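Novice: Sequence and predicted structure below; questions after.
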Amino acid sequence: MTDFGYGDKLMPILKTYAIPLVIAVVGIILVVLLLRELWQLWLKGRIRKICNVEVPKGVRIGHARDVDGIGTFVLNYPYWQFPKKDGTADRRHTNNKICCKPKSTLKVAGFSFKSKNPLTLYSLVLDMRHNGNPISYSRMESFKRQRVVQRAKAHQRSSSVQEIVSSFSSNPTDFEPFCADLYRRYGYQVAVTPSNNDGGFDLKLTKAGRTYIAECKCFEPNRHVGLPLLRKLAGANEIQHAQGLIFITTSTFTAQAVTYARECNMQLVDGNTLVQMCQRSGATLSRSRP
C-alpha cells in the first residue's frame, strides 16, 4: 500500500496556521459583540434625547421603518408546556417545562424594542406614555379596558340577593373578586387566593393593622350555610393566624352556624347584609379580577 505522506505534510501546516486562525475568529467575534454593545449604547442615548426615557436592561433596540404616528406593542408571556385551565403547571407531567413565546415587541418613534421579559418592556411602555409618546393599547390592555367600560355602563346597585346570584351563576368563582372589590371600597387591602389552592379561604384582608381571612360562597337564597363550612374557615386560620374571620354568602346561616360564629368571634355576612353593603358603597355587579 502506497503512503503518499499527505498527513505528514498537512500536520505542520495545521500547527502553523490553526492556532492563529482560531485566535483571529475569536477576535472577530469579540469585536462584533463589542460593536453591537456600543451600537446599543448609542441608540439608548438617542432614545434618551428623542423620547426622554431610559431603556432598561434586557431590552434590545433596533430601527423600525414601518412606524407611522402612534406606536404599537405586543406582549408575549412564557407558558407551561402542560398547563391547567388557570395557566399554572400541571403536576401530573414530570417533564413539564416553561416554553417561551416570541419576544415582546414595541415599535415607536422609528425604533423597535424587544425583550424576553414582558414586564420589563411594559415598564418601558408606561414610561414612554408618561413622557408623551403615543402608543396604542396591547390586546390585553384593550380587553381590560373594555371590561372597565362595560362595568361603567352597567353601573347599577345590587338591589336584591337574587340579582347577585344570577350575575355569578355562570361563573361562581367571579363572586370572590366581587367581594374583594366591595371590601376595598370600605378601606380594606384585599388579596384573592388562587382558585386551585386557596388554603381553605378566599380572601386575605388588612385594615388598620389587623388581618382577616374570609370565605365567599355564592349560594341560592334557599341553600343555608351550615357548621362544617364555618369550621373549615376556622381550621384554615390555625395556619394563617389572622386576627379576624369573615364568612360572606348570598344565602343565610343555620342556627348552629350562628352560635358557632358567636363563640369564635367570626363575622357573618348573609345575603341581605351583602346587598346593604353594596348599596351603601355603590358597588356594581362587576366581575373584574383583582
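Specialist: On my side now, so go ahead.
Novice: how about the helices in the stretch 51-200 of the chain?
Specialist: 118-130, 139-153, 161-167, 175-185 (DSSP state H, counting those that start in this stretch).
Novice: Compute the mean per-residue pLDDT across the last one, please.
Specialist: Average pLDDT, helix 175-185: 87.
Novice: In PDB, list the C-alpha atoms belonging to that helix.
Specialist: Extracted as PDB, the C-alpha positions of helix 175-185 are listed here (Å, rounded to 0.1, in the frame of the first residue of the first chain):
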ATOM      1  CA  PHE A 175     -68.000  36.100  43.200                       C
ATOM      2  CA  GLU A 176     -64.700  36.200  45.100                       C
ATOM      3  CA  PRO A 177     -63.200  39.200  43.300                       C
ATOM      4  CA  PHE A 178     -66.600  40.900  43.500                       C
ATOM      5  CA  CYS A 179     -66.500  40.600  47.300                       C
ATOM      6  CA  ALA A 180     -62.800  41.700  47.300                       C
ATOM      7  CA  ASP A 181     -63.800  44.900  45.300                       C
ATOM      8  CA  LEU A 182     -66.600  45.500  47.800                       C
ATOM      9  CA  TYR A 183     -64.300  45.400  50.800                       C
ATOM     10  CA  ARG A 184     -61.800  47.600  49.100                       C
ATOM     11  CA  ARG A 185     -64.500  50.200  48.900                       C
END
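Novice: Please identify the buried residues of that helix?
Specialist: With burial defined by 16 or more other C-beta atoms under 10 Å, the residues of helix 175-185 counted as buried are 175-183. Just so you know, the C-beta spots here come from the backbone N, C-alpha and C atoms, and that holds for glycine as well.
Novice: List the neighbours of the longest strand anywhere in the chain that are in contact with it.
Specialist: Ranked by residue count, the top strand of the chain under DSSP state E comes out as strand 210-217. Contacts with strand 210-217, where a contact means C-beta atoms under 8 Å, 6 or more residues apart in numbering, come from 175-176, 179, 183, 188, 200-206, 225, 229, 232-233, 236-237, 240, 242-251.
Novice: which parts of that strand are buried?
Specialist: Using 16+ other C-beta under 10 Å as the test for burial, strand 210-217 gives 212-217.
Novice: pLDDT below threshold where in the stretch 151-290 of the chain?
Specialist: Scanning the stretch 151-290 of the chain for pLDDT under 70 picks out 151-159, 195-198, 282-290.
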